[in-house]
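S.K.: Build me a model from this:
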Amino acid sequence: MKMMVKAKLTRPPGDKYIGIINDWNIEDKTSQKGLQYQALLLSITIPVNGELMNVTQTVPLFWNPGDPMYVLCNTFGALPRFNEDFDCEFFIGKQVLVTIKENTYQNRTYSNVVQLVPSSEELPKELLAWKKQRESSVSASQSIFDDEEEEETTNISPNDLERTKQTEAAEDINNKPHQPTNPLRKNRISPAKSPQKKVWGSM
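M.R.: The predicted model follows:
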């Protein structure tokens with residue numbers, strides 16, 4: 001019996017690709033000299049031979065001029081002042097030109113992202129379709145939170161406004177702004193803080 005298998009790439013060849021930053025995280029790292037530090041891990045979706053692949057770039061959170069994070073933010077025109085918070089969700093949804101180089105280590109070849117720069121080139125059709133689907137999913141998710149907020153603000157009985165101190169206390173709670181928890185969000189970062197937030201943003 002014949003068995004057919006489809007040949008698929010497991011990593012992108014060295015080249016330049018149009019991509020979209022789709023996610024980020026913070027990882028604890030240890031240098032070869034034993035120095036512990038944190039790094040921003042950016043995930044980028046790129047089209048390779050008609051299919052979509054995810055590649056990552058690790059950016060150490062060092063902010064001195066010439067350091068990777070300084071250069072990245074400066075390239076995107078988003079360099080914060082010293083000790084100013086920086087919101088990593090700024091990168092989410094950004095269209096970029098990704099430069100990938102191949103390196104060989106212990107007889108194995110790896111594909112590494114070596115540069116990200118903003119791009120305004122036309123998106124390949126498969127990446128454009130993916131972007132529209134992603135934006136639609138996030139929009140639907142946000143709509144669910146909006147509906148919850150509307151229900152909380154409209155389900156207050158008019159009689160509650162005329163009740164005693166106990167009811168007034170309840171009204172005080174109900175009148176606080178509704179802040180739904182978006183599972184895609186993290187907090188901001190500064191050179192002295194660790195980020196905890198992410199969302200899919202606009203281009």
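
S.K.: could you point out the longest strand in the protein?
M.R.: strand 15-30 (DSSP state E).

S.K.: Buried residues, stretch 69-80. List them.
M.R.: 69-70, 72-73, 79-80 (16 or more other CB atoms under 10 Å). Where you see a C-beta, it was placed from the backbone N, CA and C, and this is true even at glycine.

S.K.: picking that back up, tell me the buried residues in the longest strand of the chain?
M.R.: 17-24, 26.

S.K.: Could you tell me how far Tyr17 is located from Glu51?
M.R.: Distance of Tyr17 to Glu51, given as CB to CB, to the nearest Å: 12 Å.

S.K.: right, and out of the buried residues of stretch 69-80, which lies closest to Tyr110?
M.R.: Leu72 (20.9 Å; CB to CB).

S.K.: Leaving out sequence neighbours, find the closest residue to the closest one.
M.R.: Val59 (5.6 Å; CB to CB, 6 or more residues apart in numbering).

S.K.: Assign the one you found to helix, strand or coil.
M.R.: strand (DSSP: H, G, I helix; E, B strand; the rest coil).

S.K.: Show the contacting residues for it.
M.R.: 39-42, 68-69, 72 (CB atoms under 8 Å, 6 or more residues apart in numbering).

S.K.: Dump the C-alpha coordinates for the longest strand of the chain into PDB.
M.R.: Backbone C-alpha positions of strand 15-30 (Å, rounded to 0.1, in the frame of the first residue of the first chain) are rendered in PDB as follows:
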ATOM      1  CA  ASP A  15      15.200  35.700   3.800                       C
ATOM      2  CA  LYS A  16      13.000  38.800   4.300                       C
ATOM      3  CA  TYR A  17       9.300  38.300   5.100                       C
ATOM      4  CA  ILE A  18       6.300  40.600   5.600                       C
ATOM      5  CA  GLY A  19       4.700  39.700   8.900                       C
ATOM      6  CA  ILE A  20       2.400  40.800  11.700                       C
ATOM      7  CA  ILE A  21       3.300  40.700  15.400                       C
ATOM      8  CA  ASN A  22       0.600  38.700  17.100                       C
ATOM      9  CA  ASP A  23       1.700  38.100  20.600                       C
ATOM     10  CA  TRP A  24       4.400  38.700  23.300                       C
ATOM     11  CA  ASN A  25       5.600  37.400  26.600                       C
ATOM     12  CA  ILE A  26       8.300  38.100  29.100                       C
ATOM     13  CA  GLU A  27      10.800  35.300  29.900                       C
ATOM     14  CA  ASP A  28      13.500  35.000  32.500                       C
ATOM     15  CA  LYS A  29      16.900  34.300  30.900                       C
ATOM     16  CA  THR A  30      20.400  33.500  32.000                       C
END
